[in-house]
Structures are given as structure tokens and as C-alpha cells.
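A.B. asks: Structure for this input, please:
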Amino acid sequence: MLYKSRTWMADEVTPLSGTTHNWFGGWGANLVDSLDTIWIMGLHEEFEEAVSAVVQINFETNSLSQINTFETNIRYLGGLLAAYDLSRDKRLLKKVIEGGEMLYAAFDTPNCMSITRWDFQRAARGEEQVAAEGVLVAEIGSFTPEFTRLSQITGDPKWFDAIHRMMEIFYRQQDLTKLPEMWPVDVKAPDSVYEYLPKMHALIGGVLPMYKSRYRDAIDTAIRYNLFSPMTPDEADILVAGAARIVREADQPSRVTLEPKG
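C.D. replies: Residues are numbered from 1 along each chain as shown. This is a model prediction of the structure:
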């Protein structure tokens, strides 16, 4: 009720002060992200009111000069897709396509890697934007389920093609890291990339085996190097994840050490 009465269509509302925060440009992130929950709870009158508001979002303007494409994808595209899949409301399909077209523009780079901070003003002027040399892995590798699902429901392969080209680069590099089969978590935060591998396998029905095989390779390596049995009073048979670190010493081959966590 606080969100509806005082901060309708804001990205976030602070529960104590009731003030708003528009971290994602003022496109009503909280409302979009809640659409599927509202539907699942059977609040169909509230869902209709929310959809009527959401379809008024204009993805051509934003209160920020740059948008975080990763956050925009998971919150807006993901939220709209989930709500459409549940309700089959055609208004949501139209809106998710609008959002998908906007994000697709961020892949229009010389090397087809996505731009993580997409500049609206530069895009409006027709200026070329290029992907940054150093990025968080999750910010460029976590478009797979949303873009794939958008291609599935529209029949237009361009979104899937965009992310599949990029993921093929990821997979070729997976064997070349300091700890083969894994991407470095602490340095470039790829947590959601791992999370999306089995989701993609399920979403496309296993048609492309690399999503399954790469996930298995990563998990096998994690089991070998990242898990340990902690000392407990009752000697419980449990495993806890730690941080695997590569140690290199002069005139010595590199070795993996485990830094316990938790």
C-alpha cells in the first residue's frame, strides 16, 4: 500500500521514510518485477491496474544518462516475460518487445559484445559505442534466458543469436582460465553466468549440449577445489564452499589453495 499510495511507478520505496529511489531510471522497476508475484497470488484486479501502468513506460527516455543493461535485462525484460508467460496478456508482449529492442541496440558493437553502460544521448545522436575492455562477467553473460525466451515467443532469432555468439566466446575461454573450467568469481563476479547454464539447458530442451556440458565441467571443478568438510561438534557430514586461489611461486608450478569461507 505504501508503494501504491506514495511512490507509484518509482523504482524503489524505502519502507521507513516512504521516499523513492530511482536507481534504474524511473521505469517502475519494483512494479515490473512484482507482476508475476501479483498474478500468482491471484490478485487479478491489482494485476490489471499494474499492467495498465506498466504499459505506459517509455523505454525511449530515462532519468539517467546511462543505463545498466544487465540490471535492465533481469528486472524489466525478466519481469515482463514472466508476467506475459503467466497471463498471456498481449499488452505485456508488446512492451517486452519494446524493451528487447532497446537492449538489442547495446549489442551493436564491433565485436558483438554488449555495452554494460548504454548511453541514451550518444545513441540518439547516432554515435558508435563500444564494449568496455574490463567488465563484470555477470553483466555481459546473464542475458541468455531472457533473450532466448524473447526469441521463442516472437519467432525472431535475433535476440538468441546475439547472446549465443557472446556465450560461445565465454565457453572457448572457460578452459583457458587460471583454474580451467571456471571463471574467476572474486575478480569478475560470474555467479549468475553459472546459474543460467542449467536454466538455458532446460529452456531450450537440451538442443545445444554445451550449456549442460559447461555447467558439469564447472561443477566438477568446484567440487574438486572449492568444497571442504568443516569441523563440527557432531562431525556432521556436510560440505561448505570456500574460495579456490591460484598461488604462483618463483620456479614452481602454480598450485590451488583453498581459503575456507563461512
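A.B. asks: Dump stretch 34-44 to PDB, keeping only the CA atoms.
C.D. replies: Output of stretch 34-44 as PDB, limited to C-alpha atoms (Å, rounded to 0.1, in the frame of the first residue of the first chain):
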ATOM      1  CA  SER A  34       6.400  -7.800  -8.900                       C
ATOM      2  CA  LEU A  35       3.900  -8.500 -11.800                       C
ATOM      3  CA  ASP A  36       4.400 -12.300 -11.700                       C
ATOM      4  CA  THR A  37       4.000 -12.400  -7.900                       C
ATOM      5  CA  ILE A  38       0.800 -10.400  -8.100                       C
ATOM      6  CA  TRP A  39      -0.600 -12.800 -10.700                       C
ATOM      7  CA  ILE A  40       0.500 -15.900  -8.800                       C
ATOM      8  CA  MET A  41      -1.200 -14.600  -5.600                       C
ATOM      9  CA  GLY A  42      -4.500 -14.300  -7.600                       C
ATOM     10  CA  LEU A  43      -4.700 -10.600  -7.200                       C
ATOM     11  CA  HIS A  44      -6.100 -10.100 -10.700                       C
END
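A.B. asks: Okay, buried residues for that stretch please.
C.D. replies: 34-36, 38-39 (16 or more other Cβ atoms under 10 Å). Glycine gets a C-beta too; all of them are placed from N, C-alpha and C.
A.B. asks: which residues touch it?
C.D. replies: Contacts with stretch 34-44, where a contact means Cβ atoms under 8 Å, 6 or more residues apart in numbering, come from 46-47, 50-51, 54, 79-80, 82-83, 86-87, 92.
A.B. asks: ranking these by neighbours, who comes first?
C.D. replies: residue 80 (30 neighbours; other Cβ atoms under 10 Å).
A.B. asks: my read: that one touches residue 32, true?
C.D. replies: Yes. Taking contacts as Cβ atoms under 8 Å, residue 80 lies within contact range of residue 32: 6.3 Å.
A.B. asks: Mutual contacts of those two, please.
C.D. replies: residue 54.
A.B. asks: The one helix or strand residue 217 maps to packs against which elements?
C.D. replies: In this assignment (DSSP states H and E), residue 217 forms part of helix 210-225. Applying 3 or more Cβ pairs under 8 Å, 6 or more residues apart in numbering; DSSP states H and E, we find helix 210-225 packed against helix 158-174, helix 191-203.
A.B. asks: Need those in a markdown table (columns: mean pLDDT, mean neighbour count and distance to residue 240).
C.D. replies: Putting the helices and strands packed on helix 210-225 into a markdown table (pLDDT from 0 to 100; neighbours: other Cβ atoms under 10 Å; distance: least, Cβ to Cβ, whole Å) gives the following:
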| stretch | mean pLDDT | mean neighbour count | distance to residue 240 |
| --- | --- | --- | --- |
| helix 158-174 | 85 | 17 | 25 |
| helix 191-203 | 88 | 18 | 17 |
